[in-house]
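[1] Got a sequence here, can you model it:
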Amino acid sequence: MPDFDIDFCMDRRDEVIDYVARKYGRDRVSQIITYGTMAAKAVVRDCGRVLGHPYGFVDGIAKLIPMTLGVSLSDALGESEAARKNPELASGDLIARYHSEDDVRDLLDLALSLENLTRNAGRHAGGVVIAPSPLSDFCPLFAEHDGEGRGRTPVTQFDKDDVESVGLVKFDFLGLRTLTIIDWAVKAINVRRAKSCEEPLDITTLRLDDKPTYELFARGEGVAVFQFESRGMRELLKRARPDTFEDIIALAALFRPGPLGSGMDKDWVDRKHGVAEVSYPHPSLEPVLSPTYGVIVYQEQVMQIAQVMAGYSLGGADLLRRAMGKKKPEEMAKERAKFEAGCLANGIPAKVASPIFDLMEKFAEYGFNKSHSAAYALVAYQTAWLKVHYPAEFMAAVLSSDMDNTEKVTGFLDECRAMNVAVLPPDVDASAYMFEAVEPDAEAVPVDADAKPPVGTIRYGLGAVKGVGYGACEAIVQARRAGPFADLLDFCKRVEGGKLNRRALEALTRAGALDKLGRNRASLMLQLPEVVRATEQLAREREAGQVSLFGGGDAGPALHIDLRETDEFPLGQLLAGERETLGHYLSGHPFDPYRDELLDLIGHDLGALERIWESRPESARSGWRPELDTVVAGQVVALRKKGDSQMFVQIEDGSGRLEVAFFSETYTDFAPLLTRDRLLVIKGGLREDAFSGGFALKAERCWDYNQICADHAKRLSLRLDLQVPGTWQRGDALLARHRPGGARVRLDLLLPVAAGMVDLPASGSVRVDAELAGVLRAEPGVRAVKLALERPWV
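    From the prediction side, this is the model:
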């Protein structure tokens with residue numbers, strides 16, 4: 001029996017299951033059980049706990065088991081056939097301890113006897129069965145229990161394979177995040193359209209010939225577009241330049257390992273754009289293959305060829321497709337004879353039919369189901385249409401759907417910048433739980449004279465601030481209905497205390513969500529302890545009915561505290577607070593003070609890597625894993641060590657991020673430099689990262705930027721406006737603190753009636769470090785700073 005896979009909006013999937021249960025009878029509908037087994041690491045931890053071993057001892061043993069997916073204890077101990085064929089599955093340290101320590105041997109022997117036994121039962125993520133009569137006629141049932149021990153919806157005791165074996169039809173009711181994004185976006189759009197008295201948008205009635213949407217596809221702007229997000233797919237879009245819905249269907253089918261590996265994508269693109277001639281294996285196949293320019297892309301085309309040329313029935317053609325997929329020689333020989341006989345009956349000789357059968361057999365291996373691809377293409381088109389015509393509402397929905405994943409949020413914020421969609425910071429007086437499209441805020445979104453106005457504006461969601469839950473966000477929204485908050489004290493008094501603890505208040509402060517309630521974030525953090533103590537006391541008094549201390553109505557004076565103020569935190573501390581609470585920087589980047597010098601030194605930032613990769617020479621396009629020699633710079637934001645000889649370092653510069661791999665000798669040579677927050681310049685081989693869909697760099701050499709400044713600075717050029725009082729004295733004093741040094745100094749002086757350039761003598765040369773240029777730029781009267789550096793890799 002076939003099963004049915006159906007995708008629904010995540011928010012309403014449970015409604016569908018409830019509808020099916022009501023429609024067909026609750027005794028005939030059930031979700032499917034899934035059994036959790038005792039895998040290698042889990043069974044070691046369980047056995048260690050039962051045997052009473054200390055946690056540290058058991059954890060140490062479990063961590064010796066390799067991280068390889070599906071590895072067993074026998075593999076880790078080198079006793080399995082798989083481990084003999086692949087020695088990397090075995091753990092030398094685990095084997096040594098097994099043979100030398102009695103406690104370890106006893107623990108692992110017990111674990112080996114229990115490994116892969118069923119540990120617990122749960123519900124399959126999407127599996128549902130619908131029976132023709134009560135389910136108890138077909139299988140035993142299992143009642144899941146909630147925390148209070150009450151039975152809930154029953155599930156089958158047979159797993160997904162067994163329910164099929166007893167003849168039940170299995171449905172996969174899956175929650176698809178993209179459908180939820182579309183639903184959220186359309187709701188927000190219709191709120192906006194209602195305000196301007198427009199008809200509501202019905203996403204299901206979109207015309208499939210919208211030119212701006214196809215232009216977006218052709219530019220390869222597939223970020224957040226369903227099934228078209230990966231960098232490889234975006235490159236294919238640029239080559240293909242689709243302009244019809246049939247093209248979108250074909251591209252969704254072509255971007256898979258089989259077609260890409262066989263060159264089908266290149267053949268399809270060349271034929272579409274007239275580089276190669278569109279031809280057909282037989283004239284009768286033109287109606288079947290013309291939508292795909294003569295290339296067999298879909299399984300349905302294989303079936304249609306059998307029908308048109310050999311007179312197969314639809315059922316017979318489906319059997320042929322299945323036989324080709326199974327690749328059984330005896331079945332294929334029978335089908336070949338049948339196909340050639342059918343063709344002969346239609347006047348097509350065997351010498352023509354046989355090569356066409358070979359072609360069908362080849363493409364049946366790669367062919368994708370067109371009906372599946374068309375469904376994907378429709379959702380892709382809808383998301384692309386929303387991105388083009390309602391960018392703020394669409395990207396707000398996209399950000400909200402992944403707001404618990406800071407890495408994805410950061411990537412989508414980068415896309416907002418690329419789309420010229422402004423993102424306002426979180427604000428307790430304006431933000432909701434989720435990201436929202438809002439009207440432009442002239443004060444909050446400054447637009448340069450030369451810059452285009454934003455195409456839309458999004459307000460950051462409070463729910464994306466780490467440590468702030470849904471209940472706290474709803475309490476804030478409820479409290480501000482009485483009007484804007486006056487200050488931190490007013491905010492804490494009005495928001496329900498039980499929903500907003502001190503940790504959440506600190507997170508909101510560091511994220512900038514309370515900026516309007518005080519002079520600066522340092523002042524707010526200074527005020528927090530006293531405000532929290534006072535409002536907690538007020539809450540206790542109110543609960544006890546004793547409000548005279550703090551007042552309330554005529555009971556006494558209102559609660560009042562002198563809110564102390566102080567100077568703002570240094571920029572680095574402000575940005576660190578944003579990263580801690582938001583997962584990224586919002587009001588700047590620690591890389592910013594060094595950006596100009598590093599752009600001069602390297603010539604590009606991380607945001608330009610895709611452009612550099614696309615323009616790479618032919619020598620970097622061939623081979624198993626082609627690489628492009630590249631130099632990059634960025635701040636270390638994450639480190640991941642693998643064994644004793646590998647380190648994976650993530651760097652970012654505010655325009656993009658990149659993972660850099662240090663292997664064996666490279667890691668040994670540069671390990672002292674690989675620390676968090678350090679600014680690095682790295683030379684290596686840039687290559688595609690199939691796992692992330694982005695890029696990765698295999699490091700060859702590495703420099704600390706501060707050391708480059710100290711060892712390779714040639715000249716420091718300053719433009720000084722001497723009309724600003726004290727400019728010369730402050731500049732000279734600052735430079736004096738960096739003498740002697742090896743970098744010559746050139747001064748471009750602006751005077752009331754003249755201007756001139758002066759090169760200081762060698763005695764005026766300075767010692768340059770990474771901070772100097774930034775400190776000089778912050779000085780009043782310093783109009784420009786330029787640091788010329790030699791490239792240490794040349």
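[2] now residue 637, what's its secondary structure?
    strand (DSSP: H, G, I helix; E, B strand; the rest coil).
[3] Can you give me the neighbour number for it?
    16 (other Cβ atoms under 10 Å). C-beta coordinates here come from the backbone N, C-alpha and C atoms, glycine included.
[4] From residue 590, how far out is it?
    9 Å (Cβ to Cβ, to the nearest Å).
[5] Common neighbours of the two, please.
    Both residue 637 and residue 590 are contacted by residue 677, under the criterion Cβ atoms under 8 Å, 6 or more residues apart in numbering.
[6] Where does pLDDT dip in the stretch 501-650 of the chain?
    In the prediction, the stretch 501-650 of the chain carries residues with pLDDT under 70 at positions 546-559, 618-625.
[7] now the chain
    1-2, 145-152, 441-451, 497, 546-559, 618-625, 690-693.
[8] Now do the domain split for it, please.
    Domain assignment for the chain by automatic domain parsing gives 4-36+119-177, 39-116, 281-367, 390-544, 592-616+625-709, 710-789.
[9] what's the longest helix seen in the chain packed up against?
    The residue-count maximum for a helix in the chain (DSSP state H) belongs to helix 521-544. Packing contacts for helix 521-544, counted by 3 or more Cβ pairs under 8 Å, 6 or more residues apart in numbering; DSSP states H and E, involve helix 488-494, helix 502-511.
[10] Which positions within that helix qualify as buried?
    521-528, 531-532, 534-535, 538-539, 541 (16 or more other Cβ atoms under 10 Å).
[11] can you check stretch 576-591 too?
    By neighbour count on 16+ other Cβ under 10 Å, the buried set for stretch 576-591 is 576-579, 581-586, 589-591.
[12] Which two among these are spaced furthest apart?
    Greatest spacing in these, by Cβ to Cβ: 581 and 591 (19.4 Å).
[13] Let me see the ranges of the helices in the stretch 551-700 of the chain.
    Assignment of helices within the stretch 551-700 of the chain using DSSP state H, counting those that start in this stretch yields the ranges 571-582, 595-602, 609-614, 664-670.
[14] chain center to the shortest one: distance?
    Offset of helix 609-614 from its chain centre (Cα atoms, centre = their mean, to the nearest Å): 20 Å.
[15] Which elements pack onto it?
    Packed next to helix 609-614, using 3+ Cβ pairs under 8 Å, 6+ apart, are strand 628-642, strand 679-688, strand 695-704.
[16] Which one, of the ones you listed, ends up nearest to residue 4?
    strand 679-688 (35.8 Å).
[17] out of the helices and strands packed on helix 521-544, nearest to residue 300?
    helix 502-511 (51.6 Å).
[18] can you state the direction angle for that closest one and helix 521-544?
    150 degrees (axes from the mean of the first three to the mean of the last three Cα atoms, to 10 degrees).
[19] Mind giving me the packing neighbours of helix 502-511?
    Using 3+ Cβ pairs under 8 Å, 6+ apart, helix 502-511 is in contact with helix 521-544, helix 571-582.
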